[in-house]
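Engineer: with the input below, show me the fold.
(chains A, B and C)
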Amino acid sequence: MTKTNSGRFFEDYRIGEVIRHAVPRTVSGGERALYHALYPARHALYSSDAFAQTCGLDAAPIDDLAAFHVVFGKTVPDVSLNAVANLGYAEGRWLKPVWPGDTLRSESKVIGLKENSNGKSGVVWVQTTGYNQHDEPVLDYIRWVMVRKNRLDADAADTLIPELKPALEASDLVIPEGLDFGQYDFTLAGERHRWGDYEIGEKIDHVDGVTIEEAEHMSATRLWQNTAKVHFDATNREDGKRLIYGGHVISMARALSFNGLANAQMIVGLNGGAHANPCFAGDTVRAWSEVLDKAQTDAPGVGAVRLRLVATKDAHYDFALKGENGKYLSHVLLDLDYWALMPT
Amino acid sequence: MTKTNSGRFFEDYRIGEVIRHAVPRTVSGGERALYHALYPARHALYSSDAFAQTCGLDAAPIDDLAAFHVVFGKTVPDVSLNAVANLGYAEGRWLKPVWPGDTLRSESKVIGLKENSNGKSGVVWVQTTGYNQHDEPVLDYIRWVMVRKNRLDADAADTLIPELKPALEASDLVIPEGLDFGQYDFTLAGERHRWGDYEIGEKIDHVDGVTIEEAEHMSATRLWQNTAKVHFDATNREDGKRLIYGGHVISMARALSFNGLANAQMIVGLNGGAHANPCFAGDTVRAWSEVLDKAQTDAPGVGAVRLRLVATKDAHYDFALKGENGKYLSHVLLDLDYWALMPT
Amino acid sequence: MTKTNSGRFFEDYRIGEVIRHAVPRTVSGGERALYHALYPARHALYSSDAFAQTCGLDAAPIDDLAAFHVVFGKTVPDVSLNAVANLGYAEGRWLKPVWPGDTLRSESKVIGLKENSNGKSGVVWVQTTGYNQHDEPVLDYIRWVMVRKNRLDADAADTLIPELKPALEASDLVIPEGLDFGQYDFTLAGERHRWGDYEIGEKIDHVDGVTIEEAEHMSATRLWQNTAKVHFDATNREDGKRLIYGGHVISMARALSFNGLANAQMIVGLNGGAHANPCFAGDTVRAWSEVLDKAQTDAPGVGAVRLRLVATKDAHYDFALKGENGKYLSHVLLDLDYWALMPT
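Structural biologist: This is a model prediction of the structure:
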């Protein structure tokens, strides 16, 4: 019998099942340094212990998205090894900062199943939770993927399509304990624009672009122990291209968004996201954002802002997102919807 | 007089001489993070402090092969700068885990010399030992290389060919103090196959492939402070290629072997190894393993398994290793023979 | 109003103004590991805590040039985003070692202004100081750049051209507290040549070469949070090339200079420097040094040596630097003038 992991197929999932994912991971200043080498990340709260301390935290946490990638990476062997498509995210919440020295592991609960009418594949919804070494949840999110069937004659599972919030309410967000922007230093943070300066509907072109290299996206994806072979094996596709992990594009776009959103310090909610088109080495990634909503929070000096973050490649753009047919334009890589915390 | 190091030549070695190698190195979580960014390394004991603690260790050590590369890298300026060929390894033993914060240095003792009949070069055998900051040996191994003579009229050294074990006995292996697989969590480790599930003669195709980039192998090789110019200088060869450090292939293959050998957690012995063919950027590295032997140990729940690890490039394969002429097939990069520890 | 940073133009600077630069940064063993992965850095005092302790320090500091890059990187958005040319450095002094765990921030004081006769640009001189989390200065240097005007009709600022020392005196140098080379281990350091073995006028060819990759220089430049788009965006120039951050060449050349200057351990002064020609991926960087001066210091066993460090690309060379027209030869990338500390 083969000892290698061939992944799960659609017929292998059952509603309510909890999958404990393998390979817990301890993070350190090494992961932080690498995150800064791989992305032009400059949000001060993740760059400086001293800055984080003036915001009421013990030290600078590991970047929110690095925490997300670590938790996500563990799910790949069990959830998306035989995935045909990564369909969406919903209801993602950051529940606790991740600190250097923390050990993360992940669990996923199957919360939805729907076989496709062609009988060859189906959609699986999982709710994934990342835990630290104290078994405290640090992050949870819902993700759904289309997965192939292995045995086409396998009985169709019961269909259950979970009800998902189109977006988190501000009241769903968890503010890190102790967070206080009362002493926030806008000069050190890099921009003077505060929560009150952003208007719903406002769009920001983040100006800068980064041309992607194979060595970089592979290093990043490995760092999160994401093993999907499409990212690493140039012989896997006929065109010899390696598909870039969607999370690499998310982190790149978020880092680029510093220029105009330097004070959108912490990501606390993920409302949804689409990887609109594939990204390959040689593409030059740019980003723009749109303010979708704003809300106050109970934490001192802390406002919440809901943002659309769009990553594009190569071509210039004027905030165009979809064509007349309702489909994403071909230069759009990512359309992400998230909540961030900002000084008021 | 020139101040730069032109390396040692065959006539510069004397039997019994001990060479203290330069540039001690302190390792940290940074080296661990980089190891995970450079290789798809997922063995849980090196990834998670919490997992290592349930195995009786204080924390996750630095990967065995990272320790090997650091110790090996220091020997390059004194042993292999003028080497024509890296001929083999034997009797390698990991003696103590290397922890973040440890400082490593290396020493080599010349244990064998044999001038070639052409009078232009000779074979040098060294036993290299890596020490930590407490002067405790953490690793030792024998390596032999063919080295050029500088002065062709130099007297031939006395010939001494050391007797080497074809493989370590299980009783030669050193089990890390405190190691106990009694509470081993197979789910977190990623596979359910235990020591008893592997049969001598069994072969495992590790399935995945990684296409190698110049930036990655150079970063890795520099990280180990290995200075051999063939790895870095594209003007060094007529074809403009940079030869990839053999240790990069070892680490890549070992990491790929997770898929099927996730529970072969710790490497404790190196019986031998051949870099069968050179590896260059653009090659897609794959791996397969063969179970060569099995042994019990005195540590609770800990078995030993002797494995052949073969790395190949590009082409598919059916465990083929050598041609009818007894030579390695051209797609074989590495043939490594090692002992690992596994839960029983 | 746009929220993104379009940088300062010549008319935006005022003599005496102090600019507090954004995004403080905490460094760790992660930055150290990355520095060793990006450059063939082997100076023992920065590689080994144990070696640094025998030299009277508490531990191995972060590499001097890494500290420089972090401090420098923060100034880019305020000083050189609209720079036409980076004209020079002077009077750079390392004032305190930077340790893992330190948080660095930067401030620049405008000390000179001179509008060009064409009325379209001008030269700005700044004195930049890096501070640690205790507000102790760790590094200061003067830099001048040519910056575009935005409003061509803006009033010309008062002209002030600062008087700069052509080179620091030995008495200007700050020796790290406690530094003592009395127990210096030349074998572990890698070379036996001491301060007394170097003669003024002596030139050293550092032999080795490194071919540069896009992924590496971008990772390095991002790590220092240097955001200048010319380094990252291949669509920024007509030829599709990304200009390599000059500091990447400095670090590469300094690391290569180990071979012949292994004992020039600590950089304490920067007298001047010119980025003679641009460097691009694919160039093979080599280096040579010239001993410009020598001086004694009050610290036990510690001598100072003033060095010219020249980086070149591709072609071989015989220490040639400038042509008959007084201009740098086209293969010269860098001409740096610095003071280092060496065991006597």
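
Engineer: alpha carbons only for contacts and neighbour counts from here, please
Structural biologist: Will do.

Engineer: please list the residues of the stretch 1-150 of chain A that sit near chain C.
Structural biologist: A:28-34, A:36-44, A:47-51 (Cα under 8 Å from any Cα of the partner chain).

Engineer: does residue A:220 touch residue A:36 like I think?
Structural biologist: No. Look at residue A:220 against residue A:36 with Cα atoms under 8 Å: they stay out of range, at 10.9 Å.

Engineer: count of neighbours near the residue nearest to residue A:264 when sequence neighbours are not counted?
Structural biologist: Computed as Cα to Cα, 6 or more residues apart in numbering or on different chains, the closest residue to residue A:264 that is not its neighbour in sequence is residue A:342, at 4.8 Å. Using other Cα atoms under 10 Å in any protein chain shown, residue A:342 is surrounded by 24 other residues.

Engineer: cool, residue A:7 as well?
Structural biologist: Residue A:7 has 14 neighbours, counted by other Cα under 10 Å.

Engineer: doesn't it belong to a strand?
Structural biologist: No. Residue A:7: not assigned to a strand; according to DSSP: H, G, I helix; E, B strand; the rest coil it is coil.

Engineer: my guess is it meets residue A:83, correct?
Structural biologist: No. Using Cα under 8 Å, residue A:7 is not in contact with residue A:83; the gap is 9.4 Å.

Engineer: packing partners for the helix ranked longest in chain A?
Structural biologist: What stands out as the longest helix in chain A, according to DSSP state H, is helix A:64-79. Helices and strands touching helix A:64-79, by 3 or more Cα pairs under 8 Å, 6 or more residues apart in numbering or on different chains; DSSP states H and E, are strand A:103-115, strand A:121-131.

Engineer: and the next element down the chain from that helix?
Structural biologist: Next along the chain after helix A:64-79, taking DSSP states H and E as the criterion, comes strand A:83-94.

Engineer: which residues touch residue A:257?
Structural biologist: Residue A:257 sits next to A:206, A:287-289 when contact means Cα atoms under 8 Å, 6 or more residues apart in numbering or on different chains.

Engineer: of the residues you listed, closest to chain B?
Structural biologist: residue A:287 (25.3 Å; Cα to the nearest Cα).

Engineer: mind checking the SS state of that closest one?
Structural biologist: Assigned state for residue A:287: strand (three-state reduction, three-state DSSP).

Engineer: just checking, it touches residue A:311?
Structural biologist: Yes. Using Cα under 8 Å, residue A:287 is in contact with residue A:311, at 4.4 Å.

Engineer: now the common contact residues for those two.
Structural biologist: residue A:253.

Engineer: what about stretch A:202-222, distance to the chain center?
Structural biologist: Averaging C-alpha positions (Cα atoms, centre = their mean, to the nearest Å) puts stretch A:202-222 14 Å from its chain's average.

Engineer: measure that stretch end to end?
Structural biologist: From its first residue to its last, stretch A:202-222 covers 36 Å (Cα to Cα, to the nearest Å).

Engineer: over to stretch A:176-189?
Structural biologist: Note: stretch A:176-189 ends 19 Å apart using Cα to Cα.

Engineer: for the closest residue to chain C within the stretch 51-200 of chain A, phi and psi?
Structural biologist: Residue nearest to chain C within the stretch 51-200 of chain A (Cα to the nearest Cα): residue A:188, separated by 4.1 Å. Note on residue A:188: backbone dihedrals following degrees, to the nearest 10 are phi -70, psi -30.

Engineer: get me the contact residues on the stretch 151-300 of chain A for chain C.
Structural biologist: A:187-190, A:193, A:204-211, A:213-216, A:259-261, A:284.

Engineer: which of these count as buried?
Structural biologist: Buried residues within these, counting neighbours by 16 or more other Cα atoms under 10 Å in any protein chain shown: A:188-190, A:193, A:204-211, A:213-216, A:259-261, A:284.

Engineer: OK, contacts around residue A:222?
Structural biologist: Contacts of residue A:222 by Cα under 8 Å, 6+ apart are B:36-41.

Engineer: repeat the analysis, applying 10 Å as the threshold.
Structural biologist: By Cα atoms under 10 Å, 6 or more residues apart in numbering or on different chains, residue A:222 lies in contact with A:70, A:73, A:216, A:228, A:231-232, B:34-42.

Engineer: again with residue A:186
Structural biologist: A:44, A:192-194, A:262-263, A:343, C:22-23.

Engineer: just the buried positions in the lowest-mean-pLDDT helix or strand in chain A, please.
Structural biologist: Least confident helix or strand of chain A, by mean pLDDT, DSSP states H and E, is strand A:83-94 with a mean of 92. Buried residues in strand A:83-94, counted by 16+ other Cα under 10 Å: A:83, A:86-94.

Engineer: again, but for stretch A:53-69
Structural biologist: Those would be A:53-57, A:59-69, for stretch A:53-69 by 16+ other Cα under 10 Å.

Engineer: ends of that stretch, what's the gap?
Structural biologist: Using Cα to Cα, the two ends of stretch A:53-69 sit 25 Å apart.

Engineer: in chain A, what spans have low per-residue confidence?
Structural biologist: Along chain A, segments meeting pLDDT under 70 span A:1, A:315-317.

Engineer: do a quick rundown of the helices in it.
Structural biologist: Assigned by DSSP H, chain A shows helices spanning A:29-38, A:44-47, A:49-54, A:64-79, A:186-189, A:214-223, A:246-256, A:258-261.

Engineer: the fourth one vs strand A:103-115, what angle?
Structural biologist: It stands for helix A:64-79. 50 degrees (axes from the mean of the first three to the mean of the last three Cα atoms, to 10 degrees).

Engineer: list the buried residues of stretch A:136-148.
Structural biologist: Under 16+ other Cα under 10 Å, the buried positions of stretch A:136-148 are A:137-148.
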